[in-house]
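Enquirer: Build me a structure from this.
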Amino acid sequence: MIKSKFAISVHILTLLSMSEEEWTSSEYIAGSMNANPALVRKELSALRAAGLVESKEGKSGGSRLRKPASQIRMSEVFQAVKEDHVFGFSPNLPNPLCPVGKGINNALDDLFTEIDLTIYNRLKKVTLAAFSKQFVS
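Expert: Numbering: from 1, shown residues only. Just a heads-up that it's a prediction; the model follows:
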């Protein structure tokens, strides 16, 4: 679900932004999130695929940002974790003989696309660096 994947990814990236040059272990990140390191590694894989982080294996390995936090937009994180629309369709197929049922999913798809674009455009205005500033003491 995008809601939790986005939150998890932002948590990971925010931690990595606190020490941009250092390698941070998935165990450390998992400790901050109170989550399993396997979950962290799964999300790190998606962030790597999106070009937001890089990872190094081994005892002194871990992950770090691939580019400065000031160059990462929250919209990039959104795109990295978004699998479909933010809102989902009903699991039941609507009745095609009903005047509403026959067109509801197409109408919702248009609305959901507009909502996704609105969210994307809002997130494009926020960098990871700006977001992370609230955690610096």
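Enquirer: Do you have the helices of the chain handy? List them.
Expert: With DSSP state H as the criterion, the chain has helices at 2-17, 26-33, 37-49, 74-81, 104-123, 128-132.
Enquirer: just those: most buried one?
Expert: Among the helices of the chain, the stretch with the highest mean neighbour count (mean count of other Cβ atoms under 10 Å) is helix 74-81, at a mean of 20. C-beta: built from backbone N, CA, C; applies to glycine.
Enquirer: pLDDT averaged over that helix - what is it?
Expert: Here helix 74-81 scores 94 as its mean pLDDT.
Enquirer: so residue 21 sits right up against residue 62, yeah?
Expert: No - counting by Cβ atoms under 8 Å, residue 21 stays clear of residue 62, with 11.7 Å between them.
Enquirer: These two - which one has more neighbours?
Expert: Comparing residue 21 with residue 62 by other Cβ atoms under 10 Å, the one with more neighbours is residue 62, at 22 against 6.
Enquirer: Pipe the helices of the chain into a markdown table and attach distance to residue 67 per row.
Expert: Below are the helices of the chain laid out as a markdown table (distance: least, Cβ to Cβ, whole Å):
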| stretch | distance to residue 67 |
| --- | --- |
| helix 2-17 | 11 |
| helix 26-33 | 19 |
| helix 37-49 | 12 |
| helix 74-81 | 10 |
| helix 104-123 | 17 |
| helix 128-132 | 10 |
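Enquirer: out of the ones you listed, nearest to residue 94?
Expert: helix 104-123 (5.3 Å; Cβ to Cβ).
Enquirer: for that closest one, packing partners?
Expert: With contacts taken as 3 or more Cβ pairs under 8 Å, 6 or more residues apart in numbering; DSSP states H and E, helix 104-123 sits against helix 74-81.
Enquirer: by how many degrees do the helix it packs on and helix 2-17 diverge?
Expert: Here helix 74-81 runs at an angle of 120 degrees relative to helix 2-17 (axes from the mean of the first three to the mean of the last three Cα atoms, to 10 degrees).
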